[in-house]
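>>> got a predicted model here, sequence first, then my questions.
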Amino acid sequence: MNRNRLIIGLAFAVLIGFLLSAFVYRTFRQMSGVKTAPVQAHIVVAAHPMQLGTRLDANSVQLIPWPSGVPIQGMFTRIEDCVGRALITPVAENEPILEAKLASMEAGAGLPATIPEGMRAISVAVNDIVAVAGFVIPGTMVDVLVTANASVGGGATDSMTQTILENVRVLAAGQQIQQDRDGKPVAVPVITLLVTPDDAAKLAMASTEGKIQLALRNTIDTKLASPAPVMSRVLFAGRAAPPPRQPGSKAAPVRTPPPFVIEVITGNKRETKTFPNP
C-alpha cells in the first residue's frame, strides 16, 4: 500500500514539474518575441528643394521623426536653431539640414554666404570664346590662362601665354549662382570665380595687362599640371636653325663620295667606265 502511494506521489511530482517547465518555456518565448519600439526623436529637414544662398525660414523647413539612437553629425532637432541662416549647398526635399550646409548667421544670404572664410569672389569679363561657348557655368572648374607681352631680355618683348590659375571653381555666371539641371550653356558677359586673396591679385593684374582665356576641366580632375609658358617666337619658329660655328673652330672636312664604276660588255670586248657620284 505504501509502495503504491509512493509511486503515485512520484508520478504527480513529475507531472507538476513538466507543467511548470512548459509554462516557464512559453513565458520566456513570448518575452523574447516582443520587439521594443525605438525611441523616436525629430530632425529638421528641407520642406521643398532649395538653391544655395537661400535663407531658411519657418516655412522652408520641417520636423520629421528620427530614431534617437541613430544621430547624424551636425543635425538640428529644433527649427529655430537654423532659421535665418543661408544654405551654402543645394538641398532636396526632405534632405536633413546639417551644420555643414549652412553659413553663419552673420554671413547673410545669396552669393556672399557661399564664400568660405579666407576666400574671395572675383569677376572677369568673358564672351562665348573665353567662357568655352557658354559651358562655364556655376559649379564647374576651370584653369585661367593669360596672354600678354613679356620681356625676353635686351629690351625685347615677346607675346607669351601662361596658365596662372588651375582648378578654380566658378561661383556664378552672370547673376546666376545655380547650375542648370540639364547643364545647358549660358551666354553671359561676366564670370565670378572663387579664389584665394593672392590669386585674386594675379587675376586682376592679368585682366588689366593681358587677355584672359578660361579652360574648362572635369570637376573630378584635381591634378595640377603646371604647364610651361608658351612664347610666340618658339611657337611659330618652325624648325630650329643649327647653332652658329664658334670662332677659331675648324670646319669639318667635306667627304667626297666615291664615283660610280660600271662595266660595259660589247660582244667580246669589256670596258670599265667611271661616273662621278653627285
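Sure, I can see it. Residues are numbered from 1 along each chain as shown.
>>> excluding chain neighbours, what is closest to residue 192?
Closest residue to residue 192 apart from its sequence neighbours, by Cβ to Cβ, 6 or more residues apart in numbering: residue 172 at 4.1 Å. Any C-beta I mention is one placed from the backbone N, CA and C, and that applies to glycine too.
>>> was I right to think the one you found contacts residue 191?
Yes: contact criterion Cβ atoms under 8 Å: residue 172 and residue 191 qualify, at 7.5 Å.
>>> which SS class is the residue nearest to residue 119 when sequence neighbours are not counted?
Excluding the flanking residues, the one nearest residue 119 by Cβ to Cβ, 6+ apart is residue 194, at 5.6 Å. Under DSSP: H, G, I helix; E, B strand; the rest coil, the three-state class of residue 194 is strand.
>>> shared neighbours of residue 172 and residue 191, which are they?
residue 123 (Cβ atoms under 8 Å, 6 or more residues apart in numbering).
>>> where in the chain is pLDDT low?
By pLDDT under 70, the low-scoring segments of the chain are 1-4, 6-7, 9-12, 14, 31-39, 180-181, 183, 238-257, 259-270, 273-278.
>>> what about residue 173, neighbour count?
Neighbour count of residue 173, defined by other Cβ atoms under 10 Å: 27.
>>> regarding residue 66, what is its secondary structure?
Secondary structure, three-state DSSP: residue 66 is strand.
>>> quick check: bridge partners of the closest residue to it other than its chain neighbours?
Once flanking residues are discounted, residue 66 sits nearest to residue 43: 4.0 Å by Cβ to Cβ, 6+ apart. Residues in a beta bridge with residue 43, per DSSP bridges, are residue 64.
>>> just to check, residue 43 is in contact with residue 98?
No: using Cβ under 8 Å, residue 43 is not in contact with residue 98; the gap is 9.6 Å.
>>> find residues that contact each of those two.
72, 75-76.
>>> neighbour-wise, give me the winner out of the residues you listed.
Greatest neighbour count in those, by other Cβ under 10 Å, goes to residue 76: 21 neighbours.
>>> got a list of what that one touches?
For residue 76, the contacting residues are 43-44, 82, 97-99, by Cβ under 8 Å, 6+ apart.
>>> please tell me how far it sits from residue 272.
For residue 76, the distance to residue 272 (Cβ to Cβ, to the nearest Å) stands at 106 Å.
>>> buried members of the contacts of residue 76 into ChimeraX, please.
In ChimeraX, the members of those classed as buried (16 or more other Cβ atoms under 10 Å) are selected with the following command:
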select :43,44,82,97,98
